[in-house]
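1. fold the following for me, if possible:
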Amino acid sequence: MFLRKDAILKQVFLSCLLMLGAFQRVSAQSAAAPQLAADRWEAEIQAFENSDKTKAPETGGVLFIGSSTIRLWKTLAQDFPQLKVINRGFGGSQIEDSLRYADRIIIPYKPHRIILYAGGNDLNSGKTPERVAEDFKQLIARLRQQLPDTRITYISILASPARWHLDEKIRQTNDLIKTFVAHEGHRLSYLDAYPRLLGTDGKPRPELYVEDRLHLNEAGYRVLQAAVAAHLKTEKK
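-> Numbering: from 1, shown residues only. Okay, the predicted model is just below:
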């Protein structure tokens with residue numbers, strides 16, 4: 001009788017130990033998850049910092065920041081020869097990533113103007129338009145703390161054949177950010193480049209994209225460059 005009770009108690013004790021171990025592993029994994037997310041871009045951010053140590057960009061320039069549309073804009077300096085251009089796009093990034101690394105790849109440059117393109121990856125990851133707009137507001141608030149005199153331009157999320165299924169959410173996000181920018185006003189502007197890549201059928205023009213049907217090709221960047229140039233010219237008036 002006593003042997004049976006001892007066996008039962010031993011089994012219960014072992015089960016408790018196993019459950020405790022499993023709980024600790026899950027807790028450790030959960031605690032590590034945010035760190036892993038934060039470290040996703042660390043190599044690219046360090047590459048920017050190492051480049052800055054070799055040749056630091058001049059302060060007062062025009063900083064292009066955001067996702068792969070910025071990162072892959074290889075002709076940026078040639079497209080805007082009159083500007084001191086800094087390209088700090090990192091592909092796949094979301095608005096919250098620009099916020100996370102603002103102290104390392106935005107604020108140190110003390111740019112005269114920031115041109116931001118991001119938001120598409122946010123929606124593609126499952127975020128709602130409201131969440132993306134809120135992330136944008138938080139980024140602007142952070143930049144205003146350290147760079148109160150810097151002009152900031154947001155380029156609307158562009159349509160693409162590969163993400164046409166997100167078009168309604170893209171337009172909703174653009175509208176939310178446009179409304180916020182109009183309300184804030186001071187040194188903050190919205191560039192509506194979305195319609196410039198659409199054809200007469202109201203859909204993205206496939207000839208403006210590379211094979212993945214997501215990123216712009218040379219012709220697509222010419223359209224985007226014209227949109228940015230026209231916007232900058234208008235703001236000077």
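2. domains for the chain, by residue range?
-> The domain map for the chain lists 1-43, 57-236, with the assignment taken from automatic domain parsing.
3. of all these, which lies closest to residue 49?
-> For the domains of the chain, proximity to residue 49 was assessed by C-beta to C-beta; domain 57-236 is nearest, at 6.4 Å. C-beta here means a position set from N, CA and C on the backbone, and glycine is covered the same way.
4. the closest one - what's its average pLDDT?
-> Taken as a whole, domain 57-236 has a mean pLDDT of 96.
5. and the strands in the chain?
-> Remark: strands assigned in the chain by DSSP state E are 62-66, 85-89, 113-117, 151-155, 188-191.
6. before we move on, the earlier item: tell me which of the domains of the chain is the most buried.
-> domain 57-236 (a mean of 18; mean count of other C-beta atoms under 10 Å).
7. contacts only, for residue 92.
-> 67, 68, 121 (C-beta atoms under 8 Å, 6 or more residues apart in numbering).
8. any chance of these in CSV, plus distance to residue 165?
-> What follows is the contacts of residue 92, written out as CSV (distance: C-beta to C-beta, whole Å):
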residue, distance to residue 165
67, 18
68, 19
121, 15
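9. in helices only, show me these.
-> Members of the contacts of residue 92 lying in helices (criterion: DSSP state H): 68, 121.
10. that older thread, now distance to residue 50 too, for the domains of the chain, in a markdown table please.
-> What follows is the domains of the chain, written out as a markdown table (distance: least, C-beta to C-beta, whole Å):
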| stretch | distance to residue 50 |
| --- | --- |
| domain 1-43 | 10 |
| domain 57-236 | 12 |
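11. looking at these, which is closest to residue 51?
-> So among the domains of the chain, domain 57-236 is nearest, using C-beta to C-beta, at 8.9 Å.
12. which phi and psi values does the residue nearest the centre of the chain adopt?
-> Geometric centre of the chain, nearest residue: residue 94, 2.7 Å, by C-alpha atoms, centre = their mean. Torsion angles at residue 94 (phi, psi; degrees, to the nearest 10) stand at phi -120, psi 170.
13. correct me, but it touches residue 126?
-> No: contact status for residue 94 versus residue 126: not in contact, 11.1 Å apart, counting by C-beta atoms under 8 Å.
14. pull the number of nearby residues for residue 47.
-> 12 (other C-beta atoms under 10 Å).
15. gap between it and residue 226?
-> 30 Å (C-beta to C-beta, to the nearest Å).
16. if we can go back for a sec, dump the strands of the chain to TSV, plus distance to residue 132.
-> As requested, those are arranged in TSV below (distance: least, C-beta to C-beta, whole Å):
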stretch	distance to residue 132
strand 62-66	13
strand 85-89	17
strand 113-117	12
strand 151-155	11
strand 188-191	14
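17. skip the chain neighbours and tell me the closest residue to residue 90.
-> Counting by C-beta to C-beta, 6 or more residues apart in numbering, residue 44 is the residue found nearest to residue 90 once chain neighbours are left out, at 4.7 Å.
18. quick one: that neighbour from residue 89, how far?
-> 10 Å.
19. which neighbours do these two have in common?
-> Joint contacts of residue 44 and residue 89 (C-beta under 8 Å, 6+ apart) do not exist.
20. may I have the beta-bridge partners of the closest residue in space to residue 235 that isn't next to it in sequence?
-> Take residue 235 and drop its neighbours on the chain: the residue closest to it by C-beta to C-beta, 6+ apart is residue 189, 6.4 Å away. Using DSSP bridges, the beta-bridge partners of residue 189 come out as residue 153.
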